[in-house]
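Undergrad: The sequence and its predicted three-dimensional model are supplied below.
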Amino acid sequence: MLMRWLAVPALLVAFTGLARAECPELLQGSLPKLRAKESIDLCQRFAGKPLVVVNTASFCGFAPQFKGLEALYQRYKDQGLEVVGVPSNDFKQESKDGAETAKVCYVNYGVTFTMTEPQKVRGDDATHLFKVLAEQSSSPKWNFYKYVVDRQGKVIANFSSLTKPDNPEFIEAIEKALASQP
């Protein structure tokens, strides 16, 4: 009987390690949610789901793309698509005040997809998510640089800031990610 009780913690440790090992490198770690007290465990929240990851900036000329990204999210969320917006001041167009960033996203543009607190998205100080995105494709060249990630956590396409959310090639990449197997 004692051996059975000793085996349970060992199995839990093994299972926990296995679950973490199955999490793609891209989704290791967590990010603070915009204007919330909680953090987003990227693996727990997004593993096995197709993603669009975009670095955003409230005062960028491309900020109206928030509306198109929200429309895409609404169109495909029932098929499992997740959109993750990561504000950044790397290009000097984001507020230092999270409340102002939240107002632009949530009030001005009606964003309902996941938004994080501002993060570094380029260089050695980039958050882990963007370091792996850069390894798999390239670093963001500007704000509203978009990555489409399949269900295995692999970048299948990346798009410049000039690519609007209704661009046929962008939508084709999203549909490819939706069709990918976990």
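TA: Perfect, I can see it now.

Undergrad: So which residues of this protein form helices?
TA: 2-22, 42-46, 65-76, 98-102, 128-136, 168-179 (DSSP state H).

Undergrad: which stretch in those helices has the least confidence?
TA: For these, mean pLDDT drops lowest on helix 2-22, to a mean of 47.

Undergrad: Next one: the residue most central in space within the chain, what pLDDT does it get?
TA: The residue lying closest to the centre of the chain (Cα atoms, centre = their mean) is V84, at 3.6 Å. Here the pLDDT value assigned to V84 is 98.

Undergrad: That one against T56, yeah?
TA: No: counting by Cβ atoms under 8 Å, V84 stays clear of T56, with 10.0 Å between them. Just so you know, the C-beta spots here come from the backbone N, C-alpha and C atoms, and that holds for glycine as well.

Undergrad: Need the overlap of contacts for these two.
TA: M115 (Cβ atoms under 8 Å, 6 or more residues apart in numbering).

Undergrad: my guess is L178 meets K49, correct?
TA: No: judged on Cβ under 8 Å, L178 makes no contact with K49 at a distance of 9.5 Å.
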